[in-house]
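[1] Here is a sequence together with a model predicted from it:
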Amino acid sequence: MGSAATSPPPSGKLTQEELKRVAAHRAVELVETGMTLGLGTGSTAAHALDRLGELLASGALASVAGVPTSLKTEAHATRVGIPLLELAGAGRIHLSIDGADEVDPDLNLVKGRGGSLLREKMIEGSGERFVVIVDESKLVPRLGCTGAVPVEVVPFGAVHTLGLVRKVFDGLPGFSARLRTVPAKAAGAEEVPFVTDNGNYIVEMFFEDGIRGDLRDISDRLLRITGVVEHGMFLGMATTVIVAKKDGTVEIIN
Ligand code: ABF
């Protein structure tokens with residue numbers, strides 16, 4: 001794994017939003033005319049979509065096509081003029097660009113707190129290069145340090161599946177899991193399950209001080225549960241992580 005710090009610090013501190021934009025723009029510099037792209041989801045990836053739209057509109061990029069990782073990204077990409085393809089018809093995906101919720105020192109990721117983990121994993125996992133764009137707040141010593149690790153489950157028997165997920169971590173101090181909910185739109189109910197673009201629910205797993213243990217083994221045990229569709233640990237998938245730092249430098253980790 002190599003790492004390089006680039007760019008001189010600008011004067012004045014950048015806001016977190018500006019850091020996200022810096023990382024996103026740096027990733028878009030890797031895009032070449034004719035590429036098919038995996039288009040990520042989230043506030044950092046949104047800056048990459050805007051930049052791609054600008055470059056297409058100005059003619060700096062003659063043509064690219066994108067495979068969106070969520071319905072939200074599909075709408076955003078359409079708005080800014082990025083031509084879209086279905087995953088099935090996309091052929092080779094040369095480069096995917098997406099944010100992450102956490103990045104560990106081995107470039108393993110937690111993704112999906114925005115709820116789009118399944119399409120992200122399908123698309124970014126089938127591409128040639130997966131570039132992750134983050135501000136430095138996303139760097140963690142261990143996955144699961146800063147919030148939920150999501151698991152997408154089918155709605156049928158979701159509470160039963162939640163119980164099976166809990167069993168994987170039986171007796172682990174500080175572990176908890178719950179179904180992700182959102183405020184109900186209809187009167188009468190206060191909270192309803194969050195529903196993904198695929199019509200599924202999300203189980204959120206919480207760890208007191210991050211996940212200690214063999215991530216691959218934990219991944220396998222979760223994926224063996226009937227009812228679990230996918231989880232938000234992206235292990236060994238990122239090929240490059242672009243980190244925008246508060247001091248104005250950009251670190252590129254390969
Ligand atoms: C998505 O966007 C995720 O999988 C992750 O949940 C999120 C990161 O969002 P943001 O860039 O808004 O912090 O790619």
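    Done, it's in.

[2] Could you verify my assumption that Leu109 touches Ile133?
    No. Counting by C-beta atoms under 8 Å, Leu109 does not reach Ile133; the two are 11.5 Å apart. C-betas here are computed from N, CA, C, even on glycine.

[3] Nearest to the ligand: which residue in the chain?
    With C-beta to the nearest ligand atom as the measure, Gly42 is the residue of the chain nearest to the ligand, at 2.4 Å.

[4] Now do stretch 176-190: distance from first to last residue.
    Distance between the two ends of stretch 176-190: 22 Å, counting by C-alpha to C-alpha, to the nearest Å.

[5] Any part of it near the ligand?
    No. Using C-beta under 6 Å from any ligand atom, we find that stretch 176-190 stays clear of the ligand, coming within 12.2 Å at best.

[6] Other residues contacting that stretch?
    Outside stretch 176-190, the residues that touch it by C-beta atoms under 8 Å, 6 or more residues apart in numbering are 115, 148, 150, 158-159, 162, 165-166, 169, 191-194, 201-206.

[7] hmm, 7 Å instead?
    Residues outside stretch 176-190 that contact it (C-beta atoms under 7 Å, 6 or more residues apart in numbering) are 158, 162, 165-166, 191-194, 201-206.

[8] of the residues you listed, buried ones?
    The neighbour count (16 or more other C-beta atoms under 10 Å) marks 158, 162, 165-166, 193, 201-205 as buried among those.

[9] Give me the subset of those residues lying in strands.
    193, 201-205 (DSSP state E).

[10] where along this protein do the helices fall?
    Remark: helices assigned in the chain by DSSP state H are 16-28, 43-58, 71-80, 117-124, 158-168, 215-223.

[11] So which of those helices is nearest Gly99?
    Ranking these by proximity to Gly99 (C-beta to C-beta) places helix 43-58 first, at 3.5 Å.

[12] So which elements touch the closest one?
    Other elements packing on helix 43-58 under the criterion 3 or more C-beta pairs under 7 Å, 6 or more residues apart in numbering; DSSP states H and E are helix 16-28, helix 71-80, strand 93-98, strand 127-135.

[13] tell me the mean pLDDT over stretch 133-150?
    In this model, stretch 133-150 has an average pLDDT of 98.

[14] what does that stretch contact?
    Applying C-beta under 7 Å, 6+ apart, the external contacts of stretch 133-150 come out as 16, 19-20, 23-24, 27, 44, 48, 97, 99-105, 108, 110, 112-113, 117, 202, 204-207, 209-212, 215, 231-233, 241-246.

[15] and the ligand, which of these reach it?
    Within the contacts of stretch 133-150, those near the ligand by C-beta under 6 Å from any ligand atom are 44, 99-101, 112-113, 117.

[16] Using a markdown table, please lay out those together with neighbour count, distance to Gly38 and pLDDT.
    Shown next, in a markdown table, are these (neighbours: other C-beta atoms under 10 Å; distance: C-beta to C-beta, whole Å; pLDDT from 0 to 100):
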| residue | neighbour count | distance to Gly38 | pLDDT |
| --- | --- | --- | --- |
| Thr44 | 27 | 14 | 98 |
| Gly99 | 28 | 12 | 98 |
| Ala100 | 26 | 13 | 98 |
| Asp101 | 23 | 17 | 98 |
| Gly112 | 29 | 15 | 98 |
| Arg113 | 21 | 19 | 97 |
| Leu117 | 29 | 14 | 98 |
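
[17] Just the closest of these to Ile253, please.
    For these, the minimum distance to Ile253 (C-beta to C-beta) is 12.3 Å, reached by Ala100.

[18] re earlier: most tightly surrounded among the helices of the chain?
    helix 117-124 (a mean of 25; mean count of other C-beta atoms under 10 Å).

[19] List the contacts of that one.
    The contact list for helix 117-124, computed with C-beta under 7 Å, 6+ apart, reads 38, 40-41, 67, 69-70, 87, 93, 96, 98, 111-112, 130, 150, 152, 196-198, 229-230, 232, 234, 237.
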